[in-house]
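> whatever this is, show me its structure:
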Amino acid sequence: MSVAIVEPVPEPLQLLLRRAVLDHATGESRRHYPAVLHVGVPGGPEASFRAEDDDPVDHALRVDVVEAMVRSVDRVAGPALVWLTRPGPLDTQDLDLHWLAASAVAAGELHIALRMVVVDRRSWRDPRSGVGREWQRLRSRGRGT
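The predicted structure is shown next:
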């Protein structure tokens, strides 16, 4: 099942999502870059897939991609998270909704709970609930994050 993130966001989940933003901010220096879907644990095992809106990928193929990515990630570190890194504001876009729908179906078929967020260099947002966080200057807190 696809799970919306609601307030209050549990501290362990907040730390994972902050890590996803920080990793994206420090790992992507280009001004224009493709959207990438990630599945796994930020800072841990993850799989990624280039997920641009102009790719000729239909809904069934997106579901297959998410399922394959979930299966490829060692979930020992906890439940998998789905995050889409993309440029631009985090206003809901078609691309977000396409991957949210695919994640929801994949979660149902795999009988697992999946959360999905959209990430840019300064923030994350759940396209289902609208819950998110934003930082003006995101910096590493030292070891682990």
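> now the helices for the protein?
11-27, 59-72, 94-110 (DSSP state H).
> show me what the shortest one is packed up against.
The contact analysis (3 or more CB pairs under 8 Å, 6 or more residues apart in numbering; DSSP states H and E) places helix 59-72 against strand 36-40, strand 46-50, helix 94-110. All C-beta atoms are positioned from the backbone trio N, CA, C, and that covers glycine.
> so of those, which one's packed in deepest?
Comparing the helices and strands packed on helix 59-72 by mean neighbour count (mean count of other CB atoms under 10 Å), strand 36-40 comes out on top with a mean of 23.
> tell me which strands and helices it is in contact with?
strand 46-50, helix 59-72, strand 81-85.
> which residues are in contact with the longest one?
This points to helix 59-72. Here helix 59-72 makes contact (CB atoms under 8 Å, 6 or more residues apart in numbering) with 37, 39-40, 47-49, 57, 80, 82, 98-99, 101-103, 105-106, 109-110, 112, 114.
> quick one on the thing from earlier: of all the helices of the chain, which lies closest to R128?
Nearest of the helices of the chain to R128, taken as CB to CB: helix 94-110 at 6.4 Å.
> using CSV, write out every CA atom in that closest one.
What follows is helix 94-110, C-alpha atoms only, in CSV (Å, rounded to 0.1, in the frame of the first residue of the first chain):
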residue,chain,number,x,y,z
ASP,A,94,2.5,15.2,-14.1
LEU,A,95,5.8,13.3,-13.7
ASP,A,96,5.3,13.2,-9.9
LEU,A,97,1.8,11.8,-10.3
HIS,A,98,2.9,9.2,-12.8
TRP,A,99,5.5,7.8,-10.4
LEU,A,100,3.2,8.1,-7.4
ALA,A,101,0.6,6.0,-9.2
ALA,A,102,3.2,3.4,-10.2
SER,A,103,4.5,3.3,-6.6
ALA,A,104,1.0,2.8,-5.2
VAL,A,105,0.3,-0.1,-7.5
ALA,A,106,3.7,-1.7,-7.0
ALA,A,107,3.2,-1.4,-3.2
GLY,A,108,-0.1,-3.2,-3.5
GLU,A,109,1.2,-5.9,-5.7
LEU,A,110,4.2,-6.5,-3.4
